[in-house]
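**Q** below is the sequence, then the predicted model.
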Amino acid sequence: MKKLPVVLITGGAGYIGSHAVQEARKNGFDPVSYDNLSLGHAWAVQGSPLVKGELADRKKLSAAFKKFKPAAVMHFASHTSVGESVANPQKYYQDNLTNAMTLFSVMLERKVRYFILSSTAATYGDPVEVPIPETHPQAPINPYGDSKLMLEKILAWYDKAYGLRSTFLRYFNAAGADASGKIGEVHEPETHLIPLVLDAAMGRRKEITVFGQDYPTADGTCIRDYIHVTDLAGAHFLALKRMMEKDKSDFFNLGTGKGFSVKEVITKAEEVTGMKVPVKMGARRAGDPPELVARSSKAMETLGWQPRHSSLENILRTAWAWHQGYFGKIKTSRQPAARSRQARTRH
Ligand code: UFG
């Protein structure tokens, strides 16, 4: 059997990384994950090779490159919470930047020339144009987005100086779970809207707090472009294959082009789960732009990418199936949505 080229996936045991691991073979690559398991889970690589190590451990990283001889690297391992980055920028600049620098230096040493960066819509800051094209000014309003923008800038220079080709994939809001039910989102602690809403639907959490209802949007809550994690993972391989074929760096937005407000997500979640989601109105969360919606035509036209799994309904349906399977049975304390709505109208 022909040996497949190896792709080293940092953060392969994490949420998006594990979906990339799952997609690798279908796309003609052998995945090897490098993960410290501080946020990831060993089960998420589903039996594929996993090196447990710190990105800061140059020796270990270098040994993994020597052993597995990757043709390319996908870099998912990083901190990704916008709110946390505002409260603790040191953590974001330290880990997201310096660990990536170690990774780059090992790549240069081992002559690995293809790199996919998990970048983010947060590099754009407050949009001046929506949907946001890739050419939109990049002016992040939180340290998370800023740390990713710095990496984009560094990589642009590395391309010129060392011929290290990279593709920046600027994700909008990753959500949903693989249809197999074997992998899905598990962050500890969880900060993302959809899993928190599902927690509230399940009764694992008392309620969901809506962060701000005075934004300049139709219902006053923030609008985001939710993209299914399987579509995201697939885009990585389309981008990698093209980068290797053309030997050229590039950058793409990955979103659906359609935004949903926090309130719309909650309403849809009640519909999909059939459960009531108790809601509390809260203050704005620092670092949140009012609206982030992608223009993704570049990825569609250049890579032939289509977000096939990304209707809000499918995102919530797959996330709900995963959530119930992983976190256990629905607690009886929570009433189905229809019943509680009736109850409300009776009073
Ligand atoms: N939200 C709430 N209540 C919560 C949690 C979130 O109202 O308990 C709101 C947020 O304020 C935001 C929206 O729901 O308006 C989505 O928040 P998430 O935390 O789920 O996601 P973010 O938009 O903050 O960030 C996500 C990724 C980032 C990425 C960004 C790009 O986590 O890595 O999308 O859009 F940069």
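**A** That came in fine, so what should we check first?

**Q** distance of Asn173 relative to Lys160?
**A** 32 Å (C-beta to C-beta, to the nearest Å). To be clear about C-beta, it is placed using only N, CA and C from the backbone, and glycine gets the same treatment.

**Q** ok, those two, which is more surrounded?
**A** Asn173 (21 against 9; other C-beta atoms under 10 Å).

**Q** are we agreed that Ala179 is in a helix?
**A** No: Ala179 is assigned coil when assessed by DSSP: H, G, I helix; E, B strand; the rest coil, not a helix.

**Q** the closest residue to it other than its chain neighbours sits in which helix or strand?
**A** If the residues on either side of it in the chain are set aside, Ala179 comes closest to Thr318, at 6.2 Å by C-beta to C-beta, 6 or more residues apart in numbering. Assigned by DSSP states H and E, Thr318 belongs to helix 312-327.

**Q** does that helix reach the ligand?
**A** No: counting by C-beta under 6 Å from any ligand atom, the ligand has no neighbours in helix 312-327; the shortest distance is 11.6 Å.

**Q** which helices and strands does that helix pack with?
**A** helix 193-202, strand 226-228, helix 262-273 (3 or more C-beta pairs under 8 Å, 6 or more residues apart in numbering; DSSP states H and E).

**Q** what's the closest of these to Ile116?
**A** strand 226-228 (16.0 Å; C-beta to C-beta).

**Q** which strands and helices sit next to the closest one?
**A** Using 3+ C-beta pairs under 8 Å, 6+ apart, strand 226-228 sits against strand 173-175, helix 312-327.

**Q** what's the most buried one of these?
**A** strand 173-175 (a mean of 23; mean count of other C-beta atoms under 10 Å).

**Q** can you list the neighbours in contact with that one?
**A** Defining contact as C-beta atoms under 8 Å, 6 or more residues apart in numbering, one finds that strand 173-175 is touched by 15-16, 121, 185, 192-194, 224-229, 232, 255, 292, 315, 319.

**Q** let's see it at 6 Å
**A** Here strand 173-175 makes contact (C-beta atoms under 6 Å, 6 or more residues apart in numbering) with 16, 194, 224, 226, 229, 232, 315.

**Q** what number of residues lie near Thr217?
**A** Thr217, neighbours per other C-beta under 10 Å, totals 17.

**Q** can you tell me the SS state at it?
**A** Taking three-state DSSP, the label given to Thr217 is coil.

**Q** now swap in Val7 and tell me
**A** strand.

**Q** show me this protein divided up by domain.
**A** As recorded under automatic domain parsing, the domains making up the chain are 6-175+228-254, 193-223+257-294+307-346.

**Q** off-centre distance for the shortest one?
**A** Using C-alpha atoms, centre = their mean, to the nearest Å, the distance from the centre of domain 193-223+257-294+307-346 to the centre of the chain it belongs to is 18 Å.

**Q** same check on stretch 282-299?
**A** 14 Å.

**Q** which SS class is Phe252?
**A** strand.

**Q** so what's it up against?
**A** Per C-beta under 6 Å, 6+ apart, neighbours of Phe252: 169, 298-299.
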